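Peer 1: give me a model of this one.
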Amino acid sequence: MRVSVILGHPEPGSFNFAIAEAAVEALTQNGHGVSFHDLYAERFDPILPGPEIPKGAALDPAIKSHCDEIAAADGIVIVHPNWWGQPPAILKGWVDRVIRPGVAYEFVEGDGGEGVPVGLLRARCALVFNTSNTPEEREREAFGDPLETLWKRCIFGLCGVNDVRRRTFSVVVTSTPEERRGWLAEVRETVGARFPAES
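Peer 2: Numbers count the residues shown, from 1 in each chain. Next up is the predicted model:
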């Protein structure tokens, strides 16, 4: 299988980076082809220019490469912190520029864009790993878990990926080394279960 791993965190030594590394390690050990993108390290440009919006628009070669890769992926792993109930801007910009019409979704003939799109992504499973410094109970009571809606219903659900699993690790800022080791073991186990070794 081909699996894309997308990381959106500005610090190379962050726990998010460790999560992404653990995911890549588990995928590689199971024999899968992995494309790993650290968006900050790559200096991914998140700004969507107007001429790039329409389906079939000419794309910057770097963006086209991302589009081709995500269209061909059998699985997707997203890693990012919870910032104000959202992904960091660089990752939102990746969604804006890569999860685009003709690549991830399209509208049926006669639909000018007001209807429900038809998903085009071939990936059948997506994993989203988040970190947070808000206790899970407070997050759900106060905010209703907007990241669950964003990734499961607003993005992947509309692009044809029906099996979306999300896990938030919190509270990271007060976590112990033992807790973090346990969380990374859980990442490896989750990734291994969703993307088992190919026979």
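Peer 1: please enumerate the strands of the protein.
Peer 2: Across the chain, reading from the start of the chain, the strands by DSSP state E fall at 2-7, 33-38, 75-81, 105-106, 118-119, 125-131, 163-169.
Peer 1: direction included, what does the third one pair up with?
Peer 2: If I follow you right, that is strand 75-81. Each strand that strand 75-81 pairs with, and the sense of that pairing, follows from DSSP bridges: strand 2-7 (parallel), strand 125-131 (parallel).
Peer 1: got CSV for these, with mean pLDDT and mean neighbour count too?
Peer 2: Bear in mind the C-beta positions are built from the backbone N, C-alpha and C, glycine included. Compiled in CSV, the strands paired with strand 75-81 are given as follows (pLDDT from 0 to 100; neighbours: other Cβ atoms under 10 Å):
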stretch, mean pLDDT, mean neighbour count
strand 2-7, 98, 24
strand 125-131, 98, 23
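Peer 1: same list (those) but as CSV, adding distance to residue 192.
Peer 2: Formatted as CSV, the entries for these read as follows, by distance: least, Cβ to Cβ, whole Å:
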stretch, distance to residue 192
strand 2-7, 12
strand 125-131, 11
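Peer 1: how about the longest helix seen in the chain as CSV, C-alpha atoms only?
Peer 2: Criterion DSSP state H: the longest helix present in the chain is helix 177-194. Coordinates of the C-alpha atoms in helix 177-194 are reproduced here as CSV (Å, rounded to 0.1, in the frame of the first residue of the first chain):
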residue,chain,number,x,y,z
PRO,A,177,8.0,10.6,29.6
GLU,A,178,6.3,7.3,30.5
GLU,A,179,2.9,8.7,29.2
ARG,A,180,4.5,9.8,26.0
ARG,A,181,6.2,6.5,25.5
GLY,A,182,2.8,4.8,26.0
TRP,A,183,1.2,7.2,23.5
LEU,A,184,3.8,6.5,20.9
ALA,A,185,3.3,2.8,21.4
GLU,A,186,-0.4,3.3,20.9
VAL,A,187,0.3,5.2,17.6
ARG,A,188,2.4,2.3,16.3
GLU,A,189,-0.3,-0.2,17.3
THR,A,190,-3.1,1.9,15.7
VAL,A,191,-1.2,2.4,12.5
GLY,A,192,-0.2,-1.3,12.4
ALA,A,193,-3.8,-2.4,12.9
ARG,A,194,-5.2,-0.1,10.2
